[in-house]
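**Q** Next comes the sequence, and after it the predicted model I'd like to discuss.
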Number of protein chains: 2
Amino acid sequence: MYAVRVFTQPTNMSTKRRKVRRGRPLKTDAAPDMRERILDAAEDHFSRHGFWGVTVREVAQEAKVDTALLHYYFDTKRGLFDAVFERRAEIINKERIESIDAYVKSAGSAISVEGVIDAFLQPILQRAATGDQRWHNYFALIAQVNNTPAWGGETMGRTFDNVIHHLIDALRQALPDVSEEELYWSYHFLSGALTLTLSQTGRIDRLSEGLCKSSDFQAIGRRMAPFIASGFERLCKPQAAKRKKAP
Amino acid sequence: MYAVRVFTQPTNMSTKRRKVRRGRPLKTDAAPDMRERILDAAEDHFSRHGFWGVTVREVAQEAKVDTALLHYYFDTKRGLFDAVFERRAEIINKERIESIDAYVKSAGSAISVEGVIDAFLQPILQRAATGDQRWHNYFALIAQVNNTPAWGGETMGRTFDNVIHHLIDALRQALPDVSEEELYWSYHFLSGALTLTLSQTGRIDRLSEGLCKSSDFQAIGRRMAPFIASGFERLCKPQAAKRKKAP
DNA sequence: TCAATTATTCAGCAGTTGATGAATACTTGC
DNA sequence: GCAAGTATTCATCAACTGCTGAATAATTGA
């Protein structure tokens, strides 16, 4: 028998406990990091069924831990969701900004809309093309949030506005004298096309009777930038297409 | 006191009760049709929070009826959701097919990609532009379903494949010798752009600092067909843009 | 070595969920 | 006018929900 210890963990933060892993990992890399396992399980479930379609018990069960551990690390279900959402954001955002910057620098005065958009898309589409299921799940999660009217816009903005403004700045360089309004509407259409692509519903598979596959991100990577860039140019350089004034 | 009546409604269908309103409406148009009121309330809630983010109690409360009445008309929560999804589908599908057919007929051999896409989009965008909140809700609901990986693809297909194939047939006429693969991928991008537009997250409003408004369907209606048509032409007529052979 | 700290599990609560059988109110046809 | 059918409400259930206090196990630091 052990002596009964009363008042365990009295030194924890008073009202809100918070267990952000600080410093080096405590365990060897071989040992399972429960926190990451929980995040993986949550990512998997949230991406498929959204915030309300998932119970903390389901996540805990898949991660093979007790539900109390979820609350230990993330406080609330919403805290867990936010942690999932933010975990990979920094990585992909950094890659996208670097990709855009690298293109702008290398292209110089030969900068093109298609080049900028391709630089923006490639980091995402390449990670999706590797077939890593966890990144697939993460992208599907983004798509879900981006289509959530109630709080999606705010959450997306908080996490991704930096990158988007970076993209739009680069596009402005490629489109002299562009109207801001056309620029933003064009981005809106780009965002929609990308979002549906990432959501992986398999709808295009059925519609095309197997000719196109939602999971074929290489096929998408080859087509998306030309398609979207063409739209940008049509909308943002109307004088060329609409022949308002003869050249 | 009333005499106690035992075994009321013993003549109902044995296992599954089903109350599909058959024949003309029983009440005058002025009297509130509870069934429609429930559908309106459900549409409102489901469009904002998705299937799992809504409780039957919330719907019942907004419709000002007892929850039992929901089950009386629709059996299950899922039955209610499906009824909402299908209620307006027939109307908008009919309008879209007629719009495409009318354009194809009127254009004759001058048929254009932009014309077809515009004919496909206008019925939706016009209904959205009138500002009828119930149609707004319905369109947002479609957007939600279209981005639901678990069962969205199947549900969308069951309801909308007819129209989409009609659209693609018309596009084929406008794009001689088009590759089927490019055609379907192009539709995929169109679908994404439309879906995000309908989901009304307000993200573009914040991103553009008020310059663009998600609710401004007239602005969208003027821009979307040109943008998308341009992408189609780029992808489906590559020889023209990629200068493989000089003309 | 062992006390303090951190990680994990255990057991369970209070509120909510979708659903249902029965009671009551309304409508209709005869 | 009343019996049969239809619409609506009432009261309630069993299962499930997020969450928590306390117990136990593992790790660390001096």
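**A** The structure has been received and is ready for your questions. Numbering: from 1, shown residues only, chains lettered A, B, ... in the order given.
**Q** Would you check that A:S179 makes contact with A:C236?
**A** Yes: the pair A:S179 and A:C236 passes the contact test of Cβ atoms under 8 Å, sitting 6.9 Å apart. From N, CA and C alone the C-beta is placed, and that goes for glycine too.
**Q** Tell me which of the two has more neighbours.
**A** Shown here are A:S179 and A:C236; by other Cβ atoms under 10 Å in any protein chain shown, A:C236 has more neighbours (24 against 14).
**Q** gap between that one and DNA strand C?
**A** Remark: distance between A:C236 and DNA strand C (Cβ to the nearest atom of the strand, to the nearest Å) = 46 Å.
**Q** hang on, that residue packs against A:E182?
**A** Yes: the criterion here is Cβ under 8 Å, and A:C236 meets it with A:E182 at 4.8 Å.
**Q** does the helix or strand harbouring A:R127 come close to chain B?
**A** For A:R127, the host element (DSSP states H and E) is helix A:113-129. No: Helix A:113-129 is not in contact with chain B by Cβ under 8 Å from any Cβ of the partner chain; minimum separation 9.4 Å.
**Q** can you pull out the strands in chain A?
**A** Using DSSP state E, no strands are assigned anywhere in chain A.
**Q** Poorly predicted segments of it, please.
**A** A:1-32, A:238-247 (pLDDT under 70).
**Q** tell me, which helix in it spans the most residues?
**A** The longest helix of chain A (DSSP state H) is helix A:152-174.
**Q** Which parts of chain A belong to which domain?
**A** Annotated domains of chain A cover A:34-86, A:89-238 [automatic domain parsing].
**Q** my guess is A:V113 contacts A:R172, does it?
**A** No: in this structure A:V113 lies outside contact range of A:R172 using Cβ under 8 Å: 10.4 Å.
**Q** More neighbours: the two, which one.
**A** Neighbours were counted for A:V113 and for A:R172 using other Cβ under 10 Å; A:V113 has more, 23 against 15.
**Q** so who does the more buried one touch?
**A** Applying Cβ atoms under 8 Å, 6 or more residues apart in numbering or on different chains to A:V113 gives the contacts A:171, A:174-175, A:229, A:232-233, A:236.
**Q** And for the residue of chain A found nearest DNA strand C, the neighbour number?
**A** Nearest to DNA strand C, among the residues of chain A, is A:A68, at 3.0 Å (Cβ to the nearest atom of the strand). Using other Cβ under 10 Å, A:A68 is surrounded by 10 other residues.
**Q** contacting residues for it?
**A** Listed by Cβ under 8 Å, 6+ apart, the contact set of A:A68 is empty.
**Q** Which residue ranges of chain A form helices?
**A** In chain A, the helices defined using DSSP H lie at A:34-49, A:56-63, A:67-74, A:77-87, A:89-107, A:113-129, A:133-146, A:152-174, A:180-199, A:203-207, A:217-236, A:238-242.
**Q** tell me what the first one is packed against?
**A** Under the contact criterion of 3 or more Cβ pairs under 8 Å, 6 or more residues apart in numbering or on different chains; DSSP states H and E, the helices and strands touching helix A:34-49 comprise helix A:56-63, helix A:67-74, helix A:77-87, helix A:133-146.
**Q** Give me the distance from that helix to the chain's centre.
**A** Mean-position distance between helix A:34-49 and its chain equals 15 Å (Cα atoms, centre = their mean, to the nearest Å).
**Q** Give me the residues contacting it.
**A** Contacts with helix A:34-49, where a contact means Cβ under 8 Å, 6+ apart, come from A:21, A:53-54, A:58-60, A:62-65, A:69-70, A:73-74, A:80-81, A:83-84, A:87, A:133-134, A:136-138, A:140-141, A:144, B:52, B:149-150.
**Q** What sits closest to A:P226 if chain neighbours are left out?
**A** Nearest-residue entry for A:P226: B:R234, 5.4 Å, with adjacent residues in sequence omitted and distances by Cβ to Cβ, 6 or more residues apart in numbering or on different chains.
**Q** wait, the one you found sits on A:F227?
**A** Yes: B:R234 lies in contact with A:F227 (Cβ under 8 Å); the separation is 6.2 Å.
**Q** So between those two, which is more surrounded?
**A** Taking neighbours as other Cβ under 10 Å, B:R234 and A:F227 compare with A:F227 leading, 29 against 24.
**Q** give me the number of residues near A:Y138?
**A** If you count neighbours by other Cβ under 10 Å, A:Y138 ends up with 25.
**Q** Enumerate every residue touching it.
**A** A:43, A:47, A:84, A:87-88.
**Q** List buried residues within the residues you listed.
**A** A:43, A:47, A:84, A:87-88 (16 or more other Cβ atoms under 10 Å in any protein chain shown).
**Q** Of the residues you listed, which is the nearest to B:T197?
**A** The closest of these to B:T197 turns out to be A:S47 (Cβ to Cβ; 22.8 Å).
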